[in-house]
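Undergrad: Kindly return the folded structure for what I paste below:
(one chain, ligands or ions: 2)
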Amino acid sequence: MNPQIERLEGHLGRLKMYHTRETLASVLERASKKELSFADFLDELLGEEVTAKNDKNVRMRMNLARLPYVKTLETFDFSFQPSVDARQVRELASGRYLDAAENVVLLGPPGVGKTHLAVALGIKAIQQGKRVLFASATSLVALLAKAHQENRLEEKLKTFAQPHLLIVDELGYIPVDRHGANLFFQLVCRRYEKGSMIVTSNQRFGDWGEIFGDPIIATAILDRILHHSITVNIRGESYRLKEKKRAGLLSKAISSGVGNEDRLQTATAKTANSEG
Ligand SMILES: Nc1ncnc2c1ncn2[C@@H]1O[C@H](COP(=O)(O)OP(=O)(O)OP(=O)(O)O)[C@@H](O)[C@H]1O
Ligand SMILES: [Mg+2]
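TA: Numbering: from 1, shown residues only. Ligands and ions are numbered 1, 2, ... in the order given. All right, here's what the predicted structure looks like:
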């Protein structure tokens, strides 16, 4: 190998400019073909290295975030869910709420897009260089309880307190016991005014006492979450239901009377059975 190329590759390795090192031959060839000025050459080369590094960081943070799926704001159909204010969501996508350590609470019945929007905002935050962590409320409380039992609570609280954005999904589907509520309260206190949370729930705030089995702790949790927060109330039809309707799996009689996803699933299964 040309000793100069070898030396260049060595320097690029030391500088951790791995993308440039990998593409060095073609970069040099392109520069000489296009007869680039020195400044243009450097501009192009460093620009590509920065892009490659950003992409790699985004991929890494995407993996660390443990999102349940990848859904973006671009694929969210705002016309299907008019109760969601597209302008408000776009404002959230700017990430200003993260800098102010504000929380976002997404409320609504099953299938209306709460998790989709939470994930999409999480991805925006990742693209803005933020660390994000996603967990269902149930698994979060279970992990805290397990850590408490194993004398590792402090460590686990840190895990959930550190990311810029913590997404807590499905608060309210499964009730949390008193001990779990206490642990969740500790986490909320850690993050209060320091880091944002996005919380999704199918329960109105008035019913959070039942989620935590204790109105006093529920009030204390709500008080801290809501102090600096934006609530998005989603009313409307389940998107899952729309997709089932389109697939012709639901008879009109069933679909018109259904508001509840569990009943819907039973109904759908029945329809599918009777059709099959
Ligand atoms: N307005 C929408 N545009 C495009 N896709 C949507 C929309 N609303 C929901 N979806 C899709 O429908 C499915 C259900 O949405 P999602 O998981 O966000 O519901 P959810 O409100 O979190 O419901 P649950 O309370 O049952 O968890 C997902 O695949 C999601 O991508
Ligand atoms: Mg959901």
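Undergrad: ok, V119 - contacts?
TA: By Cβ atoms under 8 Å, 6 or more residues apart in numbering, V119 lies in contact with L67, P68, Y69, V70, K71, F134, I167. For glycine as for every other residue, the C-beta is placed from the backbone atoms N, C-alpha and C.
Undergrad: Kindly recompute the last result at 6 Å.
TA: L67, K71 (Cβ atoms under 6 Å, 6 or more residues apart in numbering).
Undergrad: Mind checking what secondary structure it has?
TA: helix (DSSP: H, G, I helix; E, B strand; the rest coil).
Undergrad: any idea how far it is from H227?
TA: Distance of V119 to H227, given as Cβ to Cβ, to the nearest Å: 25 Å.
Undergrad: try E155
TA: In terms of Cβ to Cβ, E155 sits 27 Å off from H227.
Undergrad: now swap in N57 and tell me
TA: Where H227 is concerned, N57 sits at a distance of 32 Å (Cβ to Cβ).
Undergrad: same deal with L67?
TA: Relative to H227, and taking Cβ to Cβ, L67 is found at 27 Å.
Undergrad: which of these two has more neighbours?
TA: L67 (21 against 11; other Cβ atoms under 10 Å).
Undergrad: is it true that the more buried one lies in a helix?
TA: No - using three-state DSSP, the assignment for L67 is coil, not a helix.
Undergrad: Would you mind confirming that it is in contact with S136?
TA: No - look at L67 against S136 with Cβ atoms under 6 Å: they stay out of range, at 11.7 Å.
Undergrad: near ligand 1, which residues of the stretch 101-250 of the chain show up?
TA: Listed as neighbours of ligand 1 in the stretch 101-250 of the chain under the rule Cβ under 6 Å from any ligand atom: 108, 110-116, 170, 200, 202, 239-240.
Undergrad: Let's have the residues you listed in a markdown table, adding secondary structure and pLDDT.
TA: Formatted as a markdown table, these follow (DSSP: H, G, I helix; E, B strand; the rest coil; pLDDT from 0 to 100):
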| residue | secondary structure | pLDDT |
| --- | --- | --- |
| G108 | coil | 96 |
| P110 | coil | 95 |
| G111 | coil | 95 |
| V112 | coil | 96 |
| G113 | coil | 96 |
| K114 | helix | 97 |
| T115 | helix | 98 |
| H116 | helix | 98 |
| E170 | strand | 96 |
| T200 | strand | 98 |
| N202 | coil | 95 |
| Y239 | helix | 92 |
| R240 | helix | 88 |
